[in-house]
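Chemist: Starting from these lines, generate the structure:
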Amino acid sequence: MNKLSLGLLYVCVFFTCTKCVSQTPVGTNDLQPTFIETWSGQRPWTPPNYLSQDKALGYSHLAFVPPEALRPRINFWKRVYSEISSKEGFVHDTEEPFTVFQVMNLNDIYNNADLTPRQKEKQIDNRIEDAKKKFASQKGIPEERIRFQRGLKDRFHRAIYVSGRYLQEFEKIFTEQGVPRELTRLIFVESSFNVMARSKVGASGLWQIMPSLGRSHRMISKQIDQRNDPFAATVAAAKILRSNYNMLGSWPLAITAYNHGPTGVKKLVATYNTTDLAELVRIGNSRRSFAFASKNFYASFAAALEVEKEADKYFKPAIWAQAIEVKKMNFAQIPKKAKLLEYFNGDESHFLQFNPHLVETRHHRKNVSFPHYVYIPNPVAKVPARPTILLEQPAVAENLAQPVVITPVVPVMEVAAVPSVNTEMVNSVENTRVPTASIETSLPETPLVSIGSEGPSVQDSITQNEDIQSPSILNSRFPAALQFN
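Modeler: Below is the predicted model of the structure:
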């Protein structure tokens, strides 16, 4: 096992022992990396261009101008994304999230070398609980109405970087599907562009698609879960959002339905006799039919849209990762596992980074099958031995995380020359600009925070505290179809 694999394994062991201490309205990745290794290099960030969308469903120049009544909520989530790091947080009111009682700095706990991770976790929990009791007493409100929201500036900065691998291709997909390109920014809210994001309740991939929707869109077979293929999942997400709009008639409602479910939103509209999302948020029952996550989902999306649009204002430097050229190989019959791994110098973890859709799943339908395919590097002959790293330095309130570019000391393998796969097994080879998953690692002093959801992820039922997890690619089970040959 090489040094990189050992580092990843250590991270994953540490990650699985870490408990969540805060939640956001939607699921995003648990893993809070200290640096990102990428084989693709970097390029300047480019502001989004949303012009020339006259043919997009429900589009106008006002389609994504949020209701003014939601502005305080949007500004709150902008602060979460752009002001404070994951070692800080807001103690705030759940009914009026913009009412912030305290900005809590946790750096002293995270930076205390005398504490074990478990001790740090306990001290953080105690500090948050003490603050809740204090402000509940001072304000004369129930303690359960007070909430702690961890900052996400460092995580959002990292997501901006990783998004460079995907956004341009995703915008093309959404245009082809006839839905507005702005909606691609939902991924900042759903998974922070962590391609390995998984949920306790089964939501998976960049778009956090639930198993029920994955099955209805015929995305899941025994060996392939296309929810984890960034491009297949993006096609499905565009179709889901288009269906939501066709049912509900407005993008604020359709976006909310991505979290709360279209049937749930339709019931709210009928119950309160209004299609005004701001009014539904104001009068909706936050404890049962319209929980915190769903009430804040559109506001968090609008905030992410605005922050990403001005990334160079909020993050220094604002840079994108390069896309990686890959080949998509379609197989009539899957070749031997060992033969495929020759493309990756025999490294199974790197193979799975390129092919997160190749996982065995219990969520498949027996009658669903489709051709096997894998992504391999293009050109295959070489992967740079010294990749770029985006380093996120420890953040404090006065000096938030500022990424710098360095060169790693840990060598990364070079992919071998093209192996001799039996050409009779190969149906086709496509040269594609497919951005692959970045290799993400974390040092133990970095806070690993479970970002949860009180609302459902792309389903009609309410799911409490949906925690997103990033399972180890080293512990992933190699697809059975590749084991048999």
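Chemist: average pLDDT for the top helix by length along the chain?
Modeler: As assigned by DSSP state H, the longest helix anywhere in the chain is helix 117-139. Averaged across helix 117-139, pLDDT comes to 97.
Chemist: Also stretch 184-201?
Modeler: In this model, stretch 184-201 has an average pLDDT of 92.
Chemist: Show residues contacting stretch 262-272.
Modeler: In this structure, residues lying in contact with stretch 262-272 by Cβ atoms under 8 Å, 6 or more residues apart in numbering are 243-244, 247-248, 253-254, 256-257, 260, 275, 279-280, 283-284, 289-290, 294, 456, 460, 462. Every C-beta, even on glycine, is put in place using the N, C-alpha and C of the backbone.
Chemist: And the next helix or strand past the longest helix of the chain?
Modeler: strand 146-150 (DSSP states H and E).
Chemist: what secondary structure does N49 sit in?
Modeler: coil (DSSP: H, G, I helix; E, B strand; the rest coil).
Chemist: Now do it against L167, distance only.
Modeler: 11 Å (Cβ to Cβ, to the nearest Å).
Chemist: Between the two, point out the one with more neighbours.
Modeler: Between N49 and L167, L167 has the larger neighbour count (other Cβ atoms under 10 Å), namely 22 against 9.
Chemist: how close does the more buried one sit to Q53?
Modeler: Applying Cβ to Cβ to L167 and Q53 gives a distance of 15 Å.
Chemist: Tell me which stretches of the stretch 201-350 of the chain form helices.
Modeler: 211-216, 230-248, 251-260, 262-272, 277-283, 292-309, 311-314, 337-341, 348-354 (DSSP state H, counting those that start in this stretch).
Chemist: among the ones you listed, which is nearest V374?
Modeler: Nearest of those to V374, taken as Cβ to Cβ: helix 337-341 at 6.3 Å.
Chemist: Quick one: list the elements packing against that closest one.
Modeler: helix 348-354, helix 480-483 (3 or more Cβ pairs under 8 Å, 6 or more residues apart in numbering; DSSP states H and E).
Chemist: where are the low-confidence patches of the chain?
Modeler: 1-40, 286-288, 324, 333-334, 359-371, 379-485 (pLDDT under 70).
Chemist: Spatially, what comes nearest to R79 if we skip its sequence neighbours?
Modeler: F90 (7.4 Å; Cβ to Cβ, 6 or more residues apart in numbering).
Chemist: ok so the one you found is a helix residue?
Modeler: No - assignment of F90 by three-state DSSP gives strand, placing it outside any helix.
Chemist: so it bridges to which residues?
Modeler: Beta-bridge partners recorded for F90 (DSSP bridges): V103, Q149.
Chemist: Test my guess that it contacts Q149.
Modeler: Yes - counting by Cβ atoms under 8 Å, Q149 is a contact partner of F90 at 4.7 Å.
Chemist: Common neighbours of those two, please.
Modeler: Joint contacts of F90 and Q149 (Cβ under 8 Å, 6+ apart) are V80.
Chemist: Quick check: Y59 vs P66, distance?
Modeler: 15 Å.
Chemist: What of V91?
Modeler: Taking Cβ to Cβ, one finds V91 at 25 Å from P66.
Chemist: same deal with N296?
Modeler: According to Cβ to Cβ, N296 and P66 sit 12 Å apart.
Chemist: Repeat that for S191.
Modeler: 22 Å.
Chemist: again with Y245
Modeler: Y245 is 16 Å from P66, by Cβ to Cβ.
Chemist: ok, now A232?
Modeler: 30 Å.
Chemist: Please apply the same query to R118.
Modeler: Distance from R118 to P66, by Cβ to Cβ: 41 Å.
Chemist: Who has more neighbours out of these two?
Modeler: P66 (20 against 11).
Chemist: in a strand, that's where the more buried one is, yeah?
Modeler: No - counting by three-state DSSP, P66 is not part of a strand but coil.
Chemist: And the longest helix of the chain, what does it pack against?
Modeler: Partner elements for helix 117-139 (3+ Cβ pairs under 8 Å, 6+ apart): strand 88-93, strand 100-105, helix 107-110, strand 146-150.
Chemist: Quick one: these as CSV, columns for mean neighbour count too.
Modeler: Output for those, formatted as CSV (neighbours: other Cβ atoms under 10 Å):
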stretch, mean neighbour count
strand 88-93, 22
strand 100-105, 16
helix 107-110, 16
strand 146-150, 23
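Chemist: want to try a markdown table for the ones you listed, with distance to R227 as columns?
Modeler: Shown next, in a markdown table, are the helices and strands packed on helix 117-139 (distance: least, Cβ to Cβ, whole Å):
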| stretch | distance to R227 |
| --- | --- |
| strand 88-93 | 30 |
| strand 100-105 | 35 |
| helix 107-110 | 33 |
| strand 146-150 | 26 |
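Chemist: So for A236, which of the ones you listed sits nearest?
Modeler: It's strand 146-150; of the helices and strands packed on helix 117-139, that one is closest to A236 (Cβ to Cβ) at 29.5 Å.
Chemist: which is the next helix or strand following that closest one?
Modeler: helix 153-163.
Chemist: Just want the angle from that next one to helix 292-309.
Modeler: 60 degrees (axes from the mean of the first three to the mean of the last three Cα atoms, to 10 degrees).
Chemist: quick check: angle from helix 153-163 to strand 88-93?
Modeler: 110 degrees.
Chemist: which strands and helices sit next to helix 153-163?
Modeler: Against helix 153-163 (3+ Cβ pairs under 8 Å, 6+ apart) you get strand 35-38, helix 71-82, helix 186-190, helix 292-309, strand 319-321.
Chemist: Surely A233 touches D225?
Modeler: No - taking contacts as Cβ under 8 Å, A233 lies outside contact range of D225: 9.4 Å.
Chemist: Hmm, I224 is touching H372, no?
Modeler: Yes - taking Cβ under 8 Å as the definition, I224 is a contact partner of H372 at 7.0 Å.
Chemist: Settle it for me: which of those two has more neighbours?
Modeler: Counted by other Cβ under 10 Å, I224 and H372 do not tie: I224 has more neighbours, with 26 against 21.
Chemist: Could you find the closest non-adjacent residue to the more buried one?
Modeler: Closest to I224 by Cβ to Cβ, 6+ apart is H357, at 5.5 Å.
Chemist: Phi and psi next, for that neighbour.
Modeler: phi -80, psi -10 (degrees, to the nearest 10).
Chemist: Now do the nearest residue to N112 once chain neighbours are set aside: how many residues are near it, please.
Modeler: Counting by Cβ to Cβ, 6+ apart, N112 lies nearest to K120, which is 7.0 Å off, once chain neighbours are set aside. K120 has 19 neighbours, counted by other Cβ under 10 Å.
Chemist: Quick one: residues contacting K120.
Modeler: With Cβ under 8 Å, 6+ apart, K120 has these contacts: 109-110, 112.
Chemist: so which of the residues you listed comes closest to G41?
Modeler: Nearest to G41 among the contacts of K120 is Y110, at 31.0 Å by Cβ to Cβ.
Chemist: number of nearby residues for the nearest residue in space to the closest one that is not next to it in sequence?
Modeler: Spatial nearest neighbour of Y110, chain neighbours left out: K87 (5.2 Å); criterion: Cβ to Cβ, 6+ apart. When counting by other Cβ under 10 Å, one arrives at 28 neighbours for K87.
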